[in-house]
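> Sequence plus the predicted model coming up.
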Amino acid sequence: MSNPHTNRWSFAGLKLLTAFIAGALLTFSYAPFDFYFLTIPLLAWVIWCGWDTTPGEGWKLGFSFGLGWFTAGLSWIYVSIDQFGGLPIIATLGVLAVLYIYLALFPALAFFLWRWLHQYTRAAVWALPLFWLIAELLRGWLFTGFPWLRLGYSQIDSNIANFAPLIGEIGISVVLVIMAAAIAAAFAERRWRLLAVPAVTLVLAITLGWQQQVQRTGETVSVALVQGNIAQSLKWDAEQQWPTVLKYLDLSRPFYNNHELIIWPESAITILEPFAGDVLANIDQAAQLSNTALVTGIIDYRRGNDAFYNSLIVLGQQQQAALTNPVATNYEYLAPNRYQKHQLLPIGEFVPFEEILRPLAPLFNLPMSSFSRGSFAQENLQANGYLLTPAICYEIAFPGQVRENLHSDTNFLLTVSNDTWFGRSHGPWQHMQIARMRALELGRPLLRATNSGVTGIIDEQGRWLAEGEQFTEQVVSAEVPLVTGSTWYHQFGNLGAWLLALCCALITCFSMVKQRKKQ
């Protein structure tokens, strides 16, 4: 005879395995694979698996799902650690395991809270969107935050993305959990009318696509993004500083006279700014003579306090269009028209517990890994009469910061990056997917210049206007529309996501009150 306890443990183990597989398969819903239709059924399956579990079993299920999700979805991090970290493969895998286990704690927390509340009402599943929202916001804040790979990003090319201008990407994540919960509940309790929830939501999403919160003015701006494709092994070689500048100048020169904005990537100029005065003055003068503005990444070193800042500066025409009789100003070091990166990348740009970690391995002592933070809120860059909200590399994944720096008169979102660290993996494509979502939820065209790709220009609806090819020297250019207006997400931030999640949680509350009255 079979042992019922053994069968129960086998069934529980099978659920954990399928949850892990579902999490791993979720990777294919993101760029560059873009099978966005996988997100809801995979999440619904995991919720269904947790329907009759204890709180502890719910924790394990959410953890298993999260472990598969982040292990597969963030596997591209291995490329940078393996190539530049200087660690044995076992140590590399150990570092990654710690990261993936940490991130898996957040969906585990959401599932645990759901199953704990289920002890009091079978309608507890409608509180899961709220628990998921709390867990995801916590993931994006704790220890400086790591909000990468949230569910909503997978929908940038689906109709569900039409919710973004209203409730942002995090609100889309809540919508996805609601739809998945309804499907799971329909199959778990044979309440087929609940399938109307995802159906109605999809119809609403399609309808929202007909509504535009921002409008094009009819004017366009000619923009050129320069992709130098400098090998990471050469980027910080002192002998390559001048050849790198010459390469960017040679690529840019044909675009000076017929483009209003030229963008170079993150730290395109590898000469520290205090020592690059002559070079910057020459570029500034050439851009002014061509009536163009050139925005470039550079490292600013403040000798007074020995501080490094990952920065963006503007050369050439800088004045605001609103000024009457503007007078062009020549480049000056520490001129206020600059941006300093605030959200630093752990290990890459700052090392926590550095006195302990730096001696351990080259991974904790990478070039340029001791940056200081700029302010959370900074002025827009002024470039040839246009205002740009900047975000350097990793910062584009922090919608709160980008939103804080966007103003009603901002013309473009600007993000620069160097994803060469991650080779031909899916990491750079996920990065661009995140950037596209910022354009859609904030209703502004986005300019993204990178060293080796993915370089591209995105319109105010998150759609491609121009796309570069990875690992090539090239210039990506387009006529980018100017827009006017403001999205609800820009005005109210995460309020819509909170209201949506709380409204769902009210179903749970009403159910609990009803059950108490019966008792």
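All right, it came through fine.
> So for stretch 380-396, first residue to last residue, what's the gap.
15 Å (CA to CA, to the nearest Å).
> Could you break this structure into its assigned domains?
11-211+494-518, 214-486 (automatic domain parsing).
> Low-confidence ranges, the stretch 1-150 of the chain, go.
Regions of the stretch 1-150 of the chain meeting the criterion pLDDT under 70 cover residues 1-9, 85.
> Let me see the contact set for the most centrally placed residue in the chain.
For the chain, the residue nearest the mean C-alpha position is Ala397 (2.6 Å; CA atoms, centre = their mean). Neighbouring residues of Ala397 by CB atoms under 8 Å, 6 or more residues apart in numbering: 147-148, 431, 434. Backbone N, C-alpha and C define where each C-beta goes, glycine included.
> Give me the pLDDT value at it.
Predicted confidence (pLDDT) for Ala397: 97.
> and the spatially closest residue to Leu117 that is not a sequence neighbour, what is it in contact with?
Leaving aside its sequence neighbours, Leu117 sits nearest to Ala124 (CB to CB, 6 or more residues apart in numbering; 3.9 Å). Residues near Ala124 by CB under 8 Å, 6+ apart: 114-115, 117-118, 508.
> what are the phi and psi angles of Ala124?
phi -60, psi -20 (degrees, to the nearest 10).
> That one and Cys509: what is the separation?
10 Å (CB to CB, to the nearest Å).
> can you pull the buried residues of stretch 70-88?
70-78, 80-81, 84-87 (16 or more other CB atoms under 10 Å).
> Secondary structure element for the closest residue to Leu194 other than its chain neighbours, which one?
Spatially, and ignoring its direct neighbours in sequence, Leu194 is nearest to Ala186 (4.1 Å; CB to CB, 6+ apart). Per DSSP states H and E, Ala186 falls inside helix 164-189.
> Can you name the next helix or strand after that helix?
Defined by DSSP H and E, the subsequent element after helix 164-189 is helix 196-208.
> got the CA positions of that following helix in CSV?
Written as CSV, here are the backbone C-alpha positions of helix 196-208 (Å, rounded to 0.1, in the frame of the first residue of the first chain):
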residue,chain,number,x,y,z
ALA,A,196,-15.0,37.6,-17.0
VAL,A,197,-12.3,39.5,-14.9
PRO,A,198,-9.4,39.0,-17.3
ALA,A,199,-11.8,39.3,-20.3
VAL,A,200,-13.2,42.7,-19.2
THR,A,201,-9.7,43.9,-18.2
LEU,A,202,-8.4,43.1,-21.7
VAL,A,203,-11.3,44.9,-23.3
LEU,A,204,-10.7,47.9,-21.1
ALA,A,205,-7.0,47.9,-22.0
ILE,A,206,-7.8,47.9,-25.7
THR,A,207,-10.2,50.8,-25.2
LEU,A,208,-7.6,52.8,-23.3
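> which outside residues touch it?
40, 158-163, 166, 175, 178-179, 182-183.
> tell me the two of those residues that are most distant?
Based on CB to CB, the longest span within those runs between Leu166 and Ile183 and measures 22.6 Å.
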